[in-house]
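Asker: coordinates only, sequence not included:
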Ligand code: GAR
């Protein structure tokens, strides 16, 4: 009996450590395949990961993404069922949100709705959390809509912010949380009949 494979595209533009964890999680899976890596930054670490893992990579251009097809034909040609944003910093254009309703998820390194929005990414998030002397931070995995860091929250996990934390030490603690939870949450989404 054959069963349908869930094809995932990971959009990433940074080091790609979350992408790496997700790829490792699904290695050998018969039901889920990481079919495409989408990246907007030539030279990004994620592209080396894609090459090493033998996953096709699509380097995208701003004009096509925001004023052209948004690469919807390429995603459809790869039979993509679920888009996972793992350190992808461009806003997702409305046409792409519409083409993949509730099928795009993002990870954000803070407890949304706090510390989200334009310009709030990576170390800027952690610096703001430290500057405000927050006692707690964490991660948020959410559906993507047309607004930055705004769609329905799927999962959150928390960690303490310690008195001696810098943006760097906090970033490392939060990244560990991301690595632990993101693959499992994506796995859970592929098991629901929603993707
Ligand atoms: C992750 O911490 C992710 O939460 C963050 O970028 C990092 C990517 O790291 N995303 C955002 O800030 C989105 N607003 P990685 O490339 O090592 O996975």
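Answerer: Yep, it's here. All values derive from a computational prediction rather than experimental measurement. Residues are numbered from 1 along each chain as shown.
Asker: Residue 42: how many residues sit nearby?
Answerer: Counted by other Cβ atoms under 10 Å, the residues lying close to residue 42 total 7. Using the backbone N, CA and C atoms, a C-beta is placed for each residue, glycine as well.
Asker: same check, this time on the one 4 residues further on
Answerer: Here the count is done by other Cβ under 10 Å, and residue 46 has 27 residues near it.
Asker: dump the residue contacts of it.
Answerer: 10, 12-16, 19, 37, 39, 57, 87 (Cβ atoms under 8 Å, 6 or more residues apart in numbering).
Asker: Just the ones of these in helices?
Answerer: Mapping the contacts of residue 46 onto helices (DSSP state H) picks out residue 19.
Asker: Check what pLDDT the nearest residue to residue 84 once chain neighbours are set aside gets.
Answerer: Distances taken as Cβ to Cβ, 6 or more residues apart in numbering put residue 10 closest to residue 84, at 4.9 Å, once the chain neighbours are dropped. According to the per-residue confidence, residue 10 scores 98 in pLDDT.
Asker: Looks like residue 10 contacts residue 21 (just checking).
Answerer: No. In this structure, residue 10 sits apart from residue 21 without contact. The criterion is Cβ atoms under 8 Å, and the distance is 10.6 Å.
Asker: Looking at these two, which has the bigger crowd around it?
Answerer: residue 10 (29 against 19).
Asker: Now do the same contact list for the spatially closest residue to residue 57 that is not a sequence neighbour.
Answerer: In space, not counting the residues next to it along the chain, residue 57 is nearest to residue 50; the distance is 4.0 Å by Cβ to Cβ, 6+ apart. For residue 50, the contacting residues are 37, 39, 56-57, by Cβ under 8 Å, 6+ apart.
Asker: per-residue confidence at the residue of the chain found nearest the ligand?
Answerer: Distances between the chain and the ligand by Cβ to the nearest ligand atom are smallest at residue 87, namely 2.7 Å. pLDDT recorded at residue 87 is 96.
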